[in-house]
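Undergrad: structure here, sequence nowhere to be found:
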């Protein structure tokens, strides 16, 4: 190991899951001072990482990276996984960004909680190698939970971290991690299911449609893909209809009064509708009728819909279109 007068500092990617928690705690137990960094986009947030940081007293940096993430997401060099998840290029980008901060703040190396073989696509030997090679920080990424099964890194070769005190976990079983958690008093950690919306079938379908119909992206619109029912009314217009009160509130939050049209059924409980794109009067009428169809308005009853557009407000009286008749428009 390096001289005891030097405090070795490591910066780790943190999802807030058990593996990243254990990686940070393991380094701290062998004399390395860990800090974490986590990245936010509309597809994943820092809530779990913040909770882990507070619980285990490991400092955390949070950065929104949407502006640099989107060009990669639209054209990932290594392609997508099952849905719209560019896992290998995502990890490489995150390590590159973390590595830049490592240099700026004079950390000695990077680390993560990745376990060899735990994920069949993103944590194989070739996948881990791809990420490291394309991160720009080849040799400086330590994976403490599987280090003894991987080639020695530069920090290990220089004695900045004792390789013999790192672990050699591999495979999909989480029993070794759960036993470590018990031994180290880690009691509250999230289930291993990923928190990335890009691995969600429904969200991915909406995102693909979004990319197919417009060249520019807006962060508020990426958030809107999470909520309600989405209908592609034609090539230039889309309608979002809230499913729940929470959906309605979220649609209101991300509604852009300078660009979007807001629809609200007047006399009956029902959804908020958000119409976007290049629309004409017929599309507005159809969108209003769809909103009435999802409201509590009796069948075949004409209902008033308040329409708020960038150029003014009007009320339309329309008969609802039954939900079964608009399924062909649903994304």
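TA: That came through fine. Not measured: the values here are computed from a predicted model. Numbers count the residues shown, from 1 in each chain.
Undergrad: going along the chain, name the helices of the protein.
TA: 18-29, 47-56, 66-74, 87-105, 125-135, 154-157, 175-183, 201-213, 219-224, 245-254, 281-293 (DSSP state H).
Undergrad: please identify the buried residues of the shortest one?
TA: The one in question is helix 154-157. Neighbour-count burial for helix 154-157 flags 155, 156 (criterion: 16 or more other Cβ atoms under 10 Å). C-betas here are computed from N, CA, C, even on glycine.
Undergrad: who does the residue nearest the centre of the chain bridge with?
TA: The centre of the chain sits closest to residue 44, judged by Cα atoms, centre = their mean, with a distance of 2.1 Å. When bridges are called by DSSP bridges, residue 44 pairs up with residue 41.
Undergrad: that one contacts residue 199, correct?
TA: No: contact criterion Cβ atoms under 8 Å: residue 44 and residue 199 do not qualify, at 9.8 Å.
Undergrad: show me the one of the helices of the chain that comes nearest residue 263.
TA: helix 281-293 (5.0 Å; Cβ to Cβ).
Undergrad: pull out the buried positions in the closest one.
TA: Buried residues in helix 281-293, counting neighbours by 16+ other Cβ under 10 Å, are found at 283, 284, 286, 287, 288, 289, 290, 291, 292, 293.
Undergrad: contacts only, for the fifth one.
TA: Listed by Cβ atoms under 8 Å, 6 or more residues apart in numbering, the contact set of residue 288 reads 263, 273, 305, 307, 316, 318.
Undergrad: cutoff 10 Å now
TA: Residue 288 makes contact with 239, 261, 263-265, 273, 275, 303-307, 314-321 under the criterion Cβ atoms under 10 Å, 6 or more residues apart in numbering.
Undergrad: same question, the first one
TA: With contact taken as Cβ under 10 Å, 6+ apart, residue 283 is in contact with 233, 234, 236, 237, 238, 239, 261, 275, 277.
Undergrad: out of those, who's the most crowded?
TA: In terms of neighbour count, residue 239 stands highest of those at 29 neighbours, by other Cβ atoms under 10 Å.
Undergrad: surely that residue and residue 279 touch.
TA: Yes: contact criterion Cβ atoms under 10 Å: residue 239 and residue 279 qualify, at 9.3 Å.
Undergrad: overlap in contacts, these two.
TA: Residues touching both residue 239 and residue 279 (Cβ under 10 Å, 6+ apart): 233, 261, 286, 287.
Undergrad: quick check, pLDDT for residue 191.
TA: Here the pLDDT value assigned to residue 191 is 83.
Undergrad: got it, and the one 4 residues further on?
TA: Among the per-residue scores, residue 195 shows a pLDDT of 83.
Undergrad: check contacts around it.
TA: Counting by Cβ under 10 Å, 6+ apart, residue 195 makes contact with 15, 16, 17, 43, 44, 45, 47, 48, 49.
Undergrad: so which of those residues comes closest to residue 145?
TA: Proximity of these to residue 145 was ranked by Cβ to Cβ; the top entry is residue 17 with 11.7 Å.
Undergrad: what separation do you get for the closest one and residue 208?
TA: For residue 17, the distance to residue 208 (Cβ to Cβ, to the nearest Å) stands at 27 Å.
Undergrad: and if you look at residue 305?
TA: In terms of Cβ to Cβ, residue 305 sits 30 Å off from residue 208.
Undergrad: the more surrounded of these two?
TA: Between residue 305 and residue 208, counted using other Cβ under 10 Å, residue 305 has the larger neighbour count: 27 against 14.
Undergrad: look at the closest residue to that one other than its chain neighbours and report its pLDDT.
TA: Among residues not flanking residue 305 along the chain, residue 288 sits closest, at 4.0 Å (Cβ to Cβ, 6 or more residues apart in numbering). Note on residue 288: pLDDT of 98.
Undergrad: same deal with residue 2?
TA: At residue 2, the pLDDT value in this model is 51.
Undergrad: residue 127 too?
TA: Taking residue 127 on its own, its pLDDT is 96.
Undergrad: does it touch residue 114 like I think?
TA: Yes: at 9.3 Å, residue 127 and residue 114 qualify as touching, with contact defined as Cβ under 10 Å.
Undergrad: how many neighbours does residue 90 have?
TA: For residue 90, the tally of surrounding residues (other Cβ under 10 Å) stands at 24.
Undergrad: that one and residue 130 touch, don't they?
TA: No: using Cβ under 10 Å, residue 90 is not in contact with residue 130, being 11.7 Å away.
Undergrad: name the residues contacting each of those two.
TA: Common neighbours of residue 90 and residue 130, counting by Cβ under 10 Å, 6+ apart, are 78, 122.
Undergrad: what about residue 231, how many neighbours?
TA: By other Cβ under 10 Å, 21 other residues sit near residue 231.
Undergrad: distance of it relative to residue 110?
TA: Note on residue 231: its distance to residue 110, by Cβ to Cβ, is 44 Å.
Undergrad: OK, contacts around residue 48?
TA: Contact analysis of residue 48 by Cβ under 10 Å, 6+ apart lists 14, 15, 16, 17, 20, 21, 38, 189, 190, 195.
Undergrad: tell me the least confident of those?
TA: Lowest pLDDT of the contacts of residue 48: residue 195, 83.
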